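A.B. asks: Task: produce atomic coordinates for the following.
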Amino acid sequence: MEKCSWIRIFLDSKWKHNGIIIGGHGKLINPCGMCITDDQTLYVADRGHHRIMEFKPNAWQGRVVIGGRDLNQLHNPNDVVIDKETNSLIIADQGNRRILRWSLNENTQAGEVLIPNISCSNLAIDQEGSIYVSDNVKHEVRRWKKGEKEGTIVAGGNGQGRQLNQLNKPTYLFIDHEYSLYITDEENCRVMKWTKDAKQGIIVAGNGSASRNGMNPLSEPTGIYVDRFNQVYIADSHKNRIIRWCEREKQGCIVVNSDAKKNIRDHLNGLSSLIFDHDGNLYVNDNLNDRIIKFEMDFD
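C.D. replies: Numbers count the residues shown, from 1 in each chain. Below you'll find the predicted structure:
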């Protein structure tokens, strides 16, 4: 399931270089995964504060919706996705080694543990409500259908490595409407696509090189989004830029680059997740600067 419904992105879409800061000035510490609703309410896994923050459109102060000081409630949450069917958030509660469901209905006091005792990095959810979890210790991705207890390996699971049937520190995930799973294979510096029931993946971005020089290599890619044209958007973490990579191309193009910004204090530093809202505006997790940056669509 896409993290919001149909997104207004085109083959030649561009974004303004000057972004809008969300959650700056200490409101976030080490923010990680994000998701956004159809009404553009943004939820952020505020890992350093052990909580989930909610930011309404144009209300940049935000509010705590889950967690805080009680580490039994959340401990180092690393990702969050929306389950529209149940009006709830699904959270990778990494420090507590579990996947948690938290209803967005008023007066919710506690979450429901969906998957216990798991090394959970990042999440995705498909249109049937199945939950996908990346495990960067076992170097695999598992899928849990509704009611399942064990889950099924859908990518990796063949030990740590760089062969096409292996992963090396899988992190962020994206599942499309054909149930193809896209994975940022971070330590292999590539993005992998595993089609439904595949025994191995294909490389759709990067070339496995960890070089920080040049256009082609990715350097520890993290966040990922795939649009309806199969263009892959990647947070290229160590190069502090967002790359758009068409599936059959040998290199990507820069969408957002730290050097291009003019009116934002400091440069982008340690990007992690990225998402788009309904209007095609791009939200980038500027992790080491403890903030989210919103880049609006540029129609000029």
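A.B. asks: Please make it C-alpha for all contacts and neighbour counts, starting now.
C.D. replies: Noted.
A.B. asks: residues contacting Asn76?
C.D. replies: Asp46, Arg47, Gly48, His49, His50, Arg51, Asp93, Gln94, Gly95, Asn96 (Cα atoms under 8 Å, 6 or more residues apart in numbering).
A.B. asks: quick one: which of those residues is nearest Asn136?
C.D. replies: Comparing the contacts of Asn76 against Asn136 with Cα to Cα places Gln94 closest, at 11.2 Å.
A.B. asks: that older thread, export the contacts of Asn76 as TSV, with columns for neighbour count and distance to Ile118.
C.D. replies: Output for the contacts of Asn76, formatted as TSV (neighbours: other Cα atoms under 10 Å; distance: Cα to Cα, whole Å):
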residue	neighbour count	distance to Ile118
Asp46	30	20
Arg47	24	17
Gly48	17	20
His49	22	21
His50	26	18
Arg51	27	19
Asp93	31	10
Gln94	22	8
Gly95	18	10
Asn96	20	9
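A.B. asks: Inside strands: which ones of the residues you listed?
C.D. replies: Asp46, Arg51, Asp93 (DSSP state E).
A.B. asks: Please report the number of neighbouring residues for Pro57.
C.D. replies: Neighbour count of Pro57, defined by other Cα atoms under 10 Å: 11.
A.B. asks: I meant to write Ile20 there.
C.D. replies: Neighbours around Ile20, by other Cα under 10 Å: 14.
A.B. asks: Quick check: beta-bridge partners of it?
C.D. replies: With DSSP bridges as the criterion, Ile20 is bridged to Lys294.
A.B. asks: measure the most far-flung residue of the chain relative to its centre to Val284 for me?
C.D. replies: Using Cα atoms, centre = their mean, the residue of the chain lying farthest from its centre is Asp300. It sits 28.5 Å away. Distance, Asp300 to Val284, using Cα to Cα, to the nearest Å: 21 Å.
A.B. asks: and if you look at Gln73?
C.D. replies: 26 Å.
A.B. asks: neighbour-wise, which of the two wins?
C.D. replies: Val284 (27 against 17).
A.B. asks: contacting residues around that one?
C.D. replies: Applying Cα under 8 Å, 6+ apart, the residues contacting Val284 are Leu271, Ser272, Ser273, Leu274, Ile275, Ile292, Ile293, Lys294, Phe295.
A.B. asks: How about the third one: what's its closest non-neighbour residue?
C.D. replies: Setting aside the residues directly before and after it, Ser273 is nearest to Gly223 in space (Cα to Cα, 6 or more residues apart in numbering), at 3.9 Å.
A.B. asks: which ones are touching the one you found?
C.D. replies: Neighbour list for Gly223: Thr171, Tyr172, Leu173, Thr184, Ile234, Ala235, Asp236, Leu271, Ser272, Ser273, Leu274 [criterion: Cα under 8 Å, 6+ apart].
A.B. asks: hey, C-alpha coordinates of the helix or strand harbouring it in CSV?
C.D. replies: Under the criterion DSSP states H and E, the helix or strand holding Gly223 is strand 221-226. Extracted in CSV, the C-alpha atoms of strand 221-226 (Å, rounded to 0.1, in the frame of the first residue of the first chain):
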residue,chain,number,x,y,z
PRO,A,221,20.6,4.4,0.6
THR,A,222,17.7,4.6,3.1
GLY,A,223,14.2,5.9,2.4
ILE,A,224,12.4,4.9,-0.7
TYR,A,225,9.2,5.6,-2.7
VAL,A,226,8.1,4.3,-6.1
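A.B. asks: Next SSE downstream of it?
C.D. replies: By DSSP H and E, the next helix or strand past strand 221-226 is strand 231-236.
A.B. asks: next SSE after that following strand?
C.D. replies: Following strand 231-236 toward the C-terminus (DSSP H and E): strand 241-246.
A.B. asks: Adjacent strands (with direction) for that next one?
C.D. replies: strand 231-236 (antiparallel), strand 253-257 (antiparallel).
A.B. asks: And the pLDDT for Arg228?
C.D. replies: Note for Arg228: predicted pLDDT of 90.
A.B. asks: neighbours around it, how many?
C.D. replies: As a burial measure, Arg228 scores 14 neighbours (other Cα under 10 Å).
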